[in-house]
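# Could you work out the structure for the sequence below:
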Amino acid sequence: MKITLKRDVFEKKLNASVAVISGRPLIPVLNEALIKIEEDKMLITTSDSEITFTNILQFEEIEGEPIDFVCDINTILRTLQLLKNELIILEVDDKNVKFSTPRTKKNYQVPITYDPDYFPTVSAEKWSEPLVINGKSLAGMIKRAVIIVNPNDLRAGMQGVYMNMSNGVLSVQSTNANVCSSNTYKYPEESGLDDFGSALIPRGISKVIDNYLKSPKLEVSRASDGVNLRLYDGSSTTYVRLLDGKFPNVDSLYENYASDVCSVINRESLVLAIKRISIFINKSSKTLSLDFSGESLLVKGGDVDFRKNAEEEVEVVSKNELMDFEVGFNNDFFMTILNTMWGENINLFQSGYNVPALISDSSSNEFESTWLLAPIILKKK
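Numbers count the residues shown, from 1 in each chain. Next comes the predicted model:
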């Protein structure tokens, strides 16, 4: 079999696929990539047993009978670095894959390591009718939610992000017990989201979700047995093995949060102040203090061991007079929340120094990002 491919396109597809491979796979064949030929398409499949990603590469012409093979994708990438031509000639036989260019007689061989039948793939199942979703919206929400998931948490329900589609609203949630994230996007009534239900997606989805940030239309289907989820945008397909745990009911936390005590703060000013103050914050306690007792907001931080303290004043857009206390937060968690938001201002709801803060970004009428952050108890003023 002989195929001519564009080097830059082929390399880009391989780089997207190699990101899925785990450093320590459960079975050795998952260190490799399965490459299949179907008519005028090359399907490059990699897997880490939870996420199976298939990238689709179009080509114009093939010589000989199609041959499917499994080989080391990292070795292919290193070989491409040695070939500087715009076009790559790929020749496959029973034992090797040969790479060359039209301008040189020199070729490089990559051995075929496994029979294609040994590579685990998602079995052919019945899938639900696909829902067409804006890929940028879904990918963006998953990226925000997955950053707070604790990979060392032994509870299955806390190891992924929870996606729910109902009543014309797509929501993606996550928690690590200290922080809760809830991202929602409103869809038109005709989108058909009511019948889809919910799914608990493993955090490994972050390896491939960037591929869908530029997809205006993303098809989402669910297997009939509820085990797998399929994402397809025309150029790649991702199969996700859903987690079996039960996600905590964080909706009740948001529903019961009745505080209307709110301050509106300029996000950029707050981020810059915290970055300067964080230099002085103790690396173990990571305690950031926000003092609302004055007319403006005082951002404080310090390290008792080294007798270092710093504070900076930040103007607030509006401040509720009932917010006259000083509250502490984990600096890393607070900065993570601020970095996921893009609006000019943030809304911070909190009725006391010993209750969680609700932080929201209302920069869009269709999209809403809301976070609950547990405080670090300092002292009552």
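# Low-confidence stretches in the stretch 1-150 of the chain?
124 (pLDDT under 70).
# which residues in it form helices?
7-18, 73-82, 135-146 (DSSP state H, counting those that start in this stretch).
# Also the stretch 251-381 of the chain?
Going by DSSP H, counting those that start in this stretch, the stretch 251-381 of the chain shows helices at 251-255, 267-277, 331-339.
# domain ranges for this protein?
What the record gives for the chain is the domain set 2-118, 131-252, 257-373, from automatic domain parsing.
# Turn these into a markdown table, including distance to E125 and mean neighbour count.
Heads up, the C-betas are built off the backbone N, CA and C, glycines and all. Compiled in a markdown table, the domains of the chain are given as follows (distance: least, Cβ to Cβ, whole Å; neighbours: other Cβ atoms under 10 Å):
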| stretch | distance to E125 | mean neighbour count |
| --- | --- | --- |
| domain 2-118 | 13 | 16 |
| domain 131-252 | 5 | 18 |
| domain 257-373 | 32 | 17 |
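# Run through the residues that contact S285.
Residues in contact with S285 (Cβ atoms under 8 Å, 6 or more residues apart in numbering) are I376.
# Tell me the secondary structure at the nearest residue to G157 once chain neighbours are set aside.
Leaving aside its chain neighbours, G157 sits nearest to G245 (3.5 Å; criterion: Cβ to Cβ, 6 or more residues apart in numbering). Secondary structure state of G245, per DSSP: H, G, I helix; E, B strand; the rest coil, is coil.
# so how far is V314 from G245?
Using Cβ to Cβ, to the nearest Å, G245 is found at 40 Å from V314.
# Could you do S198 as well?
Taken as Cβ to Cβ, the span from S198 to V314 is 39 Å.
# mind checking which of the helices of the stretch 1-150 of the chain is nearest F59?
Among these, helix 7-18 comes nearest to F59, with 9.1 Å by Cβ to Cβ.
# other SSEs contacting that closest one?
strand 33-38, strand 41-47, strand 51-58, helix 73-82, strand 87-92 (3 or more Cβ pairs under 8 Å, 6 or more residues apart in numbering; DSSP states H and E).
# Ok, which of these comes nearest F292?
Closest to F292 of the helices and strands packed on helix 7-18, according to Cβ to Cβ: strand 51-58, at 43.5 Å.
# neighbouring strands for that closest one, and are they parallel or not?
Using DSSP bridges, strand 51-58 pairs in its sheet with strand 41-47 (antiparallel), strand 236-241 (antiparallel).
# what does the shortest one rub up against?
By Cβ under 8 Å, 6+ apart, the list of residues contacting strand 236-241 from outside reads 16, 49-56, 122, 201-202, 205, 208, 211, 227-232.
# so where's the stretch 151-300 of the chain uncertain?
Those would be 188-195, 258-259, if you go by pLDDT under 70 across the stretch 151-300 of the chain.
# my read: I37 touches E63, true?
No: with contact defined as Cβ atoms under 8 Å, I37 does not reach E63; the gap is 11.6 Å.
# start to end distance for stretch 353-371?
Start to finish, the residues bounding stretch 353-371 are 17 Å apart (Cα to Cα, to the nearest Å).
# what's the answer for stretch 148-158, then?
First-to-last distance for stretch 148-158 - Cα to Cα - comes to 10 Å.
# how about the strands of the stretch 151-300 of the chain, start to end?
Remark: strands assigned in the stretch 151-300 of the chain by DSSP state E, counting those that start in this stretch are 160-166, 169-175, 179-186, 197-202, 218-222, 228-232, 236-241, 262-266, 287-291, 297-303.
# quick one: T336 and A145 touch, right?
No: taking contacts as Cβ under 8 Å, T336 lies outside contact range of A145: 11.3 Å.
# Now P151. Nearest residue, chain neighbours left out?
Nearest non-adjacent residue to P151, counting by Cβ to Cβ, 6+ apart: R203, 6.5 Å away.
# coming back round to it: mind checking the strands of the stretch 151-300 of the chain for the one nearest to L253?
Going by Cβ to Cβ, the one of the strands of the stretch 151-300 of the chain nearest L253 is strand 179-186, 6.2 Å.
# can you list residues touching both of I37 and E63?
1, 3.
# hmm, back to that, select, out of the helices and strands packed on helix 7-18, the one closest to S171.
strand 51-58 (21.6 Å).
# what's the closest one in contact with?
5, 9-10, 13-14, 16-17, 20, 40-47, 121-122, 202, 204-205, 207-208, 234-241.
# OK, contacts around Q173?
Residues counted as contacts of Q173 (Cβ under 8 Å, 6+ apart) are 145, 161-162, 164, 180-183, 247, 250-251.
# Turn these into CSV, including distance to L298.
As requested, the contacts of Q173 are exported to CSV (distance: Cβ to Cβ, whole Å):
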residue, distance to L298
A145, 31
V161, 35
Y162, 36
N164, 39
C180, 26
S181, 27
S182, 29
N183, 30
F247, 37
V250, 31
D251, 34
